[in-house]
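Peer 1: got a predicted model here, sequence first, then my questions.
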Amino acid sequence: MSAAHHTVAEIAERFGLTFHGDGARVIDGVGTLAGASSSQLSFLSNSKYSAQLTTTHAGVVVLREENLAECPTAALVARDPYVAYAKIAALFERLPASPAGIHASAVVHPSARVAPTASIGPCCVIEADAAIEEGAVLGPHCIVGAGCVIGAQSRLVARVTLVTRVTLGKRVIVHPGAVIGSDGFGLAFDRDHWIKLPQLGGVRIGDDCEIGANTTIDRGALEDTVLEEDVRLDNQIQIAHNVHIGAHTAMAGCAAVAGSAKIGRYCMIGGNAGVLGHLELADRVTITAKSLVTHSIREPGEYSSGVPLQENRLWRRNAARFKHLDEFARRLSALEKDSNND
Amino acid sequence: MSAAHHTVAEIAERFGLTFHGDGARVIDGVGTLAGASSSQLSFLSNSKYSAQLTTTHAGVVVLREENLAECPTAALVARDPYVAYAKIAALFERLPASPAGIHASAVVHPSARVAPTASIGPCCVIEADAAIEEGAVLGPHCIVGAGCVIGAQSRLVARVTLVTRVTLGKRVIVHPGAVIGSDGFGLAFDRDHWIKLPQLGGVRIGDDCEIGANTTIDRGALEDTVLEEDVRLDNQIQIAHNVHIGAHTAMAGCAAVAGSAKIGRYCMIGGNAGVLGHLELADRVTITAKSLVTHSIREPGEYSSGVPLQENRLWRRNAARFKHLDEFARRLSALEKDSNND
Amino acid sequence: MSAAHHTVAEIAERFGLTFHGDGARVIDGVGTLAGASSSQLSFLSNSKYSAQLTTTHAGVVVLREENLAECPTAALVARDPYVAYAKIAALFERLPASPAGIHASAVVHPSARVAPTASIGPCCVIEADAAIEEGAVLGPHCIVGAGCVIGAQSRLVARVTLVTRVTLGKRVIVHPGAVIGSDGFGLAFDRDHWIKLPQLGGVRIGDDCEIGANTTIDRGALEDTVLEEDVRLDNQIQIAHNVHIGAHTAMAGCAAVAGSAKIGRYCMIGGNAGVLGHLELADRVTITAKSLVTHSIREPGEYSSGVPLQENRLWRRNAARFKHLDEFARRLSALEKDSNND
């Protein structure tokens, strides 16, 4: 999977780890404990997989000190093996070649500014007054609308659309199909029909953010939609106009945040969870999958809604009773009163 | 944000409002009460923001008569300040230039008909027998499939795909990534595998509709999927084959409507709400966010499902009890019987 | 809708059905019982529509033996009229012309291999070492990343993106906006910020699969994300990295499956349903719309979560009580204890 080659000792030195066993062993890739070959590196982070350690054929395993004794091969000891593995594995990633320069099929407006070291792929369209900074990579079919800025070393993988007034920081990664800076959904109801509100703001995305495939982030109505640095959005997420997301917050696939909501730093929003408009979430709030946040949350912690999955036949009976919960509560209180009066 | 300039008096006249204060003041943009400068117009609609009125630096504020006394600057009085603001703000919107004609990089089938005043952007593909009417604008990377019609003054912002047999009315706006006229999900199960049903219908979209980014609207199996006029769809909405949506209905992001459902006029469908297939919703039905509609709704009104968000530790306890709700109901009835027999 | 013409007798012979009535009648299309003309074929599968049979103007109707007596026109008798109709209707489908060869505007890497009978549409981009097999059709604006393989007779309708290391089997259909092989959402938290894990696996999609518009399927972290044969995915579905989906499973729009989940064969996943990561679902499991699967399912059957829709005023009262369900359960038990002690 890669032409990269590193000895165990070189890896240990580069990432500040100690190694045990054969430091001269050459590693040319990574794999799972069950699947790695003798020239590959693997890792043990989740103790659920510790049984696989004893039988692994990996050339070297990144693990915690406490698992060292059971390791049948060379080992690299890390405080957090998952983090260490993440860093090491990047050595073996083969990104597509991105030669500096503008592909002949790209359409670049004369007023746009493209840094000489930037790479602009086939069929890209770069509109008036846009700026592409040093080392930025635009894969095929990206559209960079009027006045947008792509920060240095950022990468639009392919077919990304930035509509207008979008600014990406440095090292931002945007995956295919993402649409950033589209009109917010702003409407006023005028007696018998809708009037569209112009969406005059933009989108500001901080350094080191990542935006998943087919995710949409609307631009603000008057002020900007903002993602602070290191915000990580999975696929098919919807971020409405004027949302503000604090640094280091991560959201799983299909989550959605309605207009003007303000999410804190270091939050974790589960898959298909939703946050209603104009709410505020404190820092370090976790929302579990498919939950709907209907009020602001002031305290860090984990929050949930929903009911458990059951066999449909049983679920139907319970769900039908839900419609009478208020009545049950009253009947329960009445019985208690009776009981106390006895 | 715009080269447009209008005096307060001109704005008042144009939109039929009365003004108070300096009618000669020149306005060149819009802003929030808190952020607007002395050459910008702001508005007060939601009384939640009335405290900001007294300290605003805006050049003029659109407001209700009742707020006039507290206004420290020029004012435009409107019955509905939000609607008046929506109309005024459009003066200050700077849409990208869309020169009439076909970009050199576009690929247009010889049998397609493109009106002379239409604008066809870079890398657009227009297939056989398609028609683009007067004043329509196709931003970059739009695909207009065989036999599709784009009505006059409609705007496909960028990278919109109309697959086949799609007709858009006049002044329709479609945002990037939207896919209209893709195959409906029609399958027949033949003993041990699926057979695909050809999707032979089309999609008809009425005048003044708006379709959000990455929204999908499938074409009908035999007859058409229909959106009447002034239907407003936010981002990432899924409309299945043969759905019919009444005029002036609005849907928030990530809502989904299953096949052959019929939604009335003036409905409001909340974010990530769902409607099951073949159901009917009356006019003026509101569905709150993340609710699932599992039966037809005959009466106007607001409908909901779901359970409230709680701290995870508390939620777990309550959710576990949900699985026994039917049993609780029986036990409650038994106790009541006992109690009555006492 | 089609230039195809077939007599009733020819259709009967081709699909092994018996016909009643005028076998020489020429059929040139299909329609609903209510809408079909005398040169069109219709079908009766759902008994809900049997009243429409008696008044149909269709030229011929595909139906079960038991409905033959009420049929006012020619009939084709089938054990499963819906399956028979699906097969017959394909005769009347007019797919867009897809001439073999590479469109002049396409950008094909010299190391890519394109079969002579394949059709590559306008603005397609085919990257290094990709392979397009015989008879495959790429509509406009498809991107086939490095090392991807498109199996024979597969069809990427338009604007499909395969990022890297994606292999499609034979006769796979992918609808516009789908993104296959994007980075999985793999992150490690390093003290105060996120580290991205390289996504080194690929995606393998079996023969006869269908992937809906704007659906996303991420590539694996180390091993592959896998769809076995005849998997049918509707629009806007999210399949995370390392998910495995068994053959003949179908998922409705907006469903989502989190990382490393394993779904069995012949499962049916309802619209906007979700499956959490690392779970396993047995074969022939059905999940109803908007349900969340939070534990592995070992037995075939139908499973659900959620609560019923109600008028908002009533729903609010019941939902508020949900927060006290655990307390109610305790109070109920206490009353029962009291009652038993009486």
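Peer 2: Nice, I can see it.

Peer 1: give the contact list for the closest residue to residue A:100 other than its chain neighbours.
Peer 2: Computed as C-beta to C-beta, 6 or more residues apart in numbering or on different chains, the closest residue to residue A:100 that is not its neighbour in sequence is residue A:117, at 5.0 Å. For every residue, glycine as well, the C-beta is placed using N, CA and C. Contacts of residue A:117 were listed using C-beta atoms under 8 Å, 6 or more residues apart in numbering or on different chains, and they are A:100, A:134-135.

Peer 1: enumerate the residues of the stretch 1-150 of chain A near chain C.
Peer 2: A:1, A:29-32, A:35, A:80, A:82-83, A:85-87, A:89-90, A:92-93, A:96-97, A:103, A:105, A:121-123, A:139-141 (C-beta under 8 Å from any C-beta of the partner chain).

Peer 1: now, those residues that are in helices?
Peer 2: A:82-83, A:85-87, A:89 (DSSP state H).

Peer 1: quick check, nearest of these to residue C:312?
Peer 2: Relative to residue C:312, the closest of these is residue A:82; by C-beta to C-beta it sits at 45.1 Å.

Peer 1: the closest one: neighbouring residues, count only.
Peer 2: By other C-beta atoms under 10 Å in any protein chain shown, 19 other residues sit near residue A:82.

Peer 1: which ones are touching it?
Peer 2: By C-beta under 8 Å, 6+ apart, the contact set of residue A:82 is A:43, A:45, C:188.

Peer 1: next, count neighbours for residue A:10.
Peer 2: 16.

Peer 1: wait, a strand at it?
Peer 2: No. Under DSSP: H, G, I helix; E, B strand; the rest coil, residue A:10 falls outside any strand and is assigned helix.

Peer 1: now it: how far from chain C?
Peer 2: As judged by C-beta to the nearest C-beta, to the nearest Å, residue A:10 and chain C stand 18 Å apart.

Peer 1: ends of stretch A:5-23, what's the gap?
Peer 2: 13 Å (C-alpha to C-alpha, to the nearest Å).

Peer 1: could I get the buried residue list for that stretch?
Peer 2: Neighbour-count burial for stretch A:5-23 flags A:6-8, A:10-12, A:15, A:17, A:19-21, A:23 (criterion: 16 or more other C-beta atoms under 10 Å in any protein chain shown).

Peer 1: wait, residue A:26 sits on residue A:6?
Peer 2: Yes. At 7.4 Å, residue A:26 and residue A:6 qualify as touching, with contact defined as C-beta atoms under 8 Å.

Peer 1: pLDDT at the closest residue in space to residue A:96 that isn't next to it in sequence, what is it?
Peer 2: If the residues on either side of it in the chain are set aside, residue A:96 comes closest to residue C:146, at 5.4 Å by C-beta to C-beta, 6+ apart. Looking at residue C:146, its pLDDT is 96.

Peer 1: residue A:2 now?
Peer 2: 44.

Peer 1: cool, residue A:342 as well?
Peer 2: Listed pLDDT for residue A:342 reads 65.

Peer 1: close enough to count as contact, residue A:172 and residue A:148?
Peer 2: No. Counting by C-beta under 8 Å, residue A:172 sits too far from residue A:148 to count as a contact (12.0 Å).

Peer 1: okay, the buried residues of stretch A:5-23 in JSON lines with distance to residue B:284 and pLDDT next?
Peer 2: As requested, the buried residues of stretch A:5-23 are exported to JSON lines (distance: C-beta to C-beta, whole Å; pLDDT from 0 to 100):
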{"residue": "A:6", "distance to residue B:284": "66", "pLDDT": "96"}
{"residue": "A:7", "distance to residue B:284": "72", "pLDDT": "97"}
{"residue": "A:8", "distance to residue B:284": "70", "pLDDT": "97"}
{"residue": "A:10", "distance to residue B:284": "70", "pLDDT": "97"}
{"residue": "A:11", "distance to residue B:284": "65", "pLDDT": "97"}
{"residue": "A:12", "distance to residue B:284": "69", "pLDDT": "97"}
{"residue": "A:15", "distance to residue B:284": "62", "pLDDT": "96"}
{"residue": "A:17", "distance to residue B:284": "65", "pLDDT": "97"}
{"residue": "A:19", "distance to residue B:284": "70", "pLDDT": "96"}
{"residue": "A:20", "distance to residue B:284": "72", "pLDDT": "97"}
{"residue": "A:21", "distance to residue B:284": "73", "pLDDT": "96"}
{"residue": "A:23", "distance to residue B:284": "74", "pLDDT": "95"}
